[in-house]
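In: Need coordinates for the following:
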Amino acid sequence: MIVNGHRIDPHADLSHADLSHADLSHADLSRAFLSRANLSDANLSGVDLSYALLTCANLSDANLSGAYLSHAFLRGALMRGANLSDANLSGADLSGASLWSADLRRANLFGANLSGADLFHAGLDGADLSNAGLDGADLSNATMPDGTIHA
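Out: From the prediction side, this is the model:
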């Protein structure tokens, strides 16, 4: 598949690519290099981004519902307002990521590294945070897995 002049496939090097507003739903981008890529407002529902490198990528307002991001490297990623409901982020590195107002309902965050992440006003209802690293994470006004609002 070719999108905006970029070949979309596993192991692809899409670093710095502009894929904003692209429809990449159900694509296989496992182990792809997407550092500093612009994926804002993209449809990434059901996409496989397992083990992908997304350092400092812009995923603001992207639809990642049901996406598979197991062991993805999302350090410093901008994910404000992203829909990550029902996504699998087990073992992912989200340290320093901005997940401000992100929808993480029912997301699997088992063993994820969220240290220093900005989860202000994020929706975590029903999310699995077992063994997740939350040191220094900002959970202000976030809806926690049990439905309570974090002060």
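In: alpha carbons only for contacts and neighbour counts from here, please
Out: OK.
In: The residue lying closest to Ala77 once chain neighbours are set aside and Ala127: what is the separation?
Out: Leaving aside its sequence neighbours, Ala77 sits nearest to Cys56 (C-alpha to C-alpha, 6 or more residues apart in numbering; 4.1 Å). Separation of Cys56 from Ala127 (C-alpha to C-alpha, to the nearest Å) stands at 24 Å.
In: Return the residues in contact with Ser117.
Out: Heads up, residue 117 is Ala, not Ser. Shown in contact with Ala117 (C-alpha atoms under 8 Å, 6 or more residues apart in numbering): 94-99, 134, 136-138.
In: quick one: low-confidence parts of the protein?
Out: By pLDDT under 70, the low-scoring segments of the chain are 151.
In: Going by residue numbers, what spans are helices in it?
Out: Assigned by DSSP state H, the chain shows no helices.
In: before we move on, the earlier item: report the buried members of the contacts of Ala117.
Out: 94-99, 134, 137-138 (16 or more other C-alpha atoms under 10 Å).
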